[in-house]
Each structure stands twice: as C-alpha cells, then as structure tokens.
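Asks: Predicted model, plus sequence, below.
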Amino acid sequence: MNEPLRKAVHLIFGLAIACFILFSERKLALYALVIALFLGFILSDALSRGYTIPGVSKIIATLERRDVLPGKGALFFALGALFSLTFFPKEVTFIGLVVLALLDSVTTLVGLRFGRTRIYNHKSIEATLAGFAATTAALLFLIPAHAAILTSAAAAFAELVSPVDDNLIVPAVVCIVLTVLF
C-alpha cells in the first residue's frame with residue numbers, strides 16, 4: 001500500500017464528490033450516493049470472498065490497507081456523505097465533505113512524516129495541528145473566519161477522537177457546527 005497515493009486519491013475523489021453534490025440536484029445526488037453504496041457493498045463483499053474483479057481488484061490492492069474490509073474507507077465516505085445530505089442542505093454537506101477530504105489527507109500524511117508526539121489513538125499533535133491549519137485556510141475561502149476556525153477545530157477534534165471511521169463522523173460534525181453557527 002502506498003499511503004501518499006491513497007490519500008491523494010482520497011482528496012481528489014472526496015473533492016469531486018463534494019462538487020458533484022454541490023452542483024447537482026439534491027435528489028440526483030441522493031440517488032447517486034445510494035447506488036454507489038449498494039454497488040460498493042456488492043463489490044466489497046465479492047472481493048472479501050476472494051473474487052477477482054477486473055480493474056477493481058488491482059485498484060483495491062494498490063490503495064487499500066491490509067487486513068481491512070475492501071473499500072471500507074470509500075464505503076464510509078459515501079455513507080457519511082449520504083447521511084449529511086439526507087439531514088443537511090447540500091451547501092453545508094459540500095463543506096463537510098471538503099473538510100473531510102482535506103483534513104483526513106493532511107493529518108495522515110503529516111502524521112506519517114512528522115508525527116512524533118502521540119496524543120490519542122496513535123495520532124499525533126503535529127498531524128492534528130497541520131490538519132486544523134490546512135482546513136482552516138481552505139475554509140476561509142468558503143465561510144467567515146470565525147466559522148472556519150470553529151468548524152476546523154471541531155472537525156480536527158472529531159477526527160482525533162472518533163471511535164468509528166472518521167469518514168462517517170467528520171462530515172456530520174461539520175454539518176452540525178455549521179448549522180448551529182448559521
């Protein structure tokens with residue numbers, strides 16, 4: 001597994017999904033996420049049972065961590081996007097997914113390279129602070145400064161302490177924070 005490549009794909013596809021949600025009709029985005037989840041579960045099940053799926057098997061072998069349900073991260077990303085879009089406006093969901101794509105990618109890459117001070121669950125203060133800073137900087141282009149700082153802080157904290165996959169938790173936390181602020 002190549003973690004930098006994995007996180008680059010996470011960032012690119014995460015931003016692409018966020019933009020799709022923002023620029024498409026809400027109903028179409030919901031249907032697309034449900035279909036993606038359905039197909040994702042079928043593919044994941046087939047791969048976990050040992051089937052080889054042309055193209056998909058090679059991608060999963062290259063990008064997925066060992067001893068993990070095949071496509072787990074992508075499934076949780078789609079589930080987090082679906083949950084957020086079901087309960088929050090698409091503009092808020094868009095921001096939640098942008099935060100997830102950026103925060104998760106930056107924290108992992110910085111943590112691997114520079115993470116020395118472990119603070120919780122094998123995660124480092126250096127990675128958490130870098131993710132917070134990068135996310136805040138990006139959000140300054142989308143929302144007011146106070147909201148960018150509070151949203152980034154809440155998302156970084158959720159990513160740090162989440163007992164379940166952060167792909168599910170971070171977008172929901174961002175959507176809740178933005179709903180409260182606006």
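Replies: Nice, thanks for sending it over. Numbers count the residues shown, from 1 in each chain.

Asks: what bits of the chain have low per-residue confidence?
Replies: For the chain, the stretches with pLDDT under 70 are 1.

Asks: What residues sit buried inside the longest helix along the chain?
Replies: With DSSP state H setting the assignment, residue counts place helix 90-114 as the longest helix in the chain. By neighbour count on 16 or more other C-beta atoms under 10 Å, the buried set for helix 90-114 is 90, 92-111. No exception for glycine: its C-beta is placed from N, CA and C like everyone else's.

Asks: all strands for this structure, in order.
Replies: In the chain, strands defined by DSSP state E lie at 118-120, 123-124, listed in chain order.

Asks: Give me the residues contacting the longest one.
Replies: It refers to strand 118-120. 124, 125, 128, 160, 161 (C-beta atoms under 8 Å, 6 or more residues apart in numbering).

Asks: ok, of these, which come out buried?
Replies: The neighbour count (16+ other C-beta under 10 Å) marks 124, 128, 160 as buried among the contacts of strand 118-120.

Asks: hmm, back to that, closest to residue 74 among the contacts of strand 118-120?
Replies: Nearest to residue 74 among the contacts of strand 118-120: residue 160, at 21.9 Å, using C-beta to C-beta.

Asks: pretty sure that closest one contacts residue 121?
Replies: Yes: the pair residue 160 / residue 121 is scored as a contact, 7.3 Å apart, by C-beta atoms under 8 Å.

Asks: Spit out the contact partners of the spatially closest residue to residue 127 that is not a sequence neighbour.
Replies: Leaving aside its sequence neighbours, residue 127 sits nearest to residue 111 (C-beta to C-beta, 6 or more residues apart in numbering; 3.2 Å). Going by C-beta under 8 Å, 6+ apart, residue 111 touches 123, 124, 126, 127.

Asks: just to revisit the earlier point, deepest-packed of the strands of the chain, please.
Replies: Among the strands of the chain, ranked by average contacts under mean count of other C-beta atoms under 10 Å, first place goes to strand 123-124 (a mean of 20).

Asks: For that one, name the packing helices and strands.
Replies: For strand 123-124, the elements it packs on are helix 90-114, judged by 3 or more C-beta pairs under 8 Å, 6 or more residues apart in numbering; DSSP states H and E.

Asks: roughly how far out does stretch 26-38 sit from the chain middle?
Replies: What separates the centre of stretch 26-38 from the centre of its chain is 17 Å, taken as C-alpha atoms, centre = their mean, to the nearest Å.

Asks: Quick check: buried residues in it?
Replies: Applying 16+ other C-beta under 10 Å to stretch 26-38 flags 29, 30, 32, 33, 36, 37 as buried.
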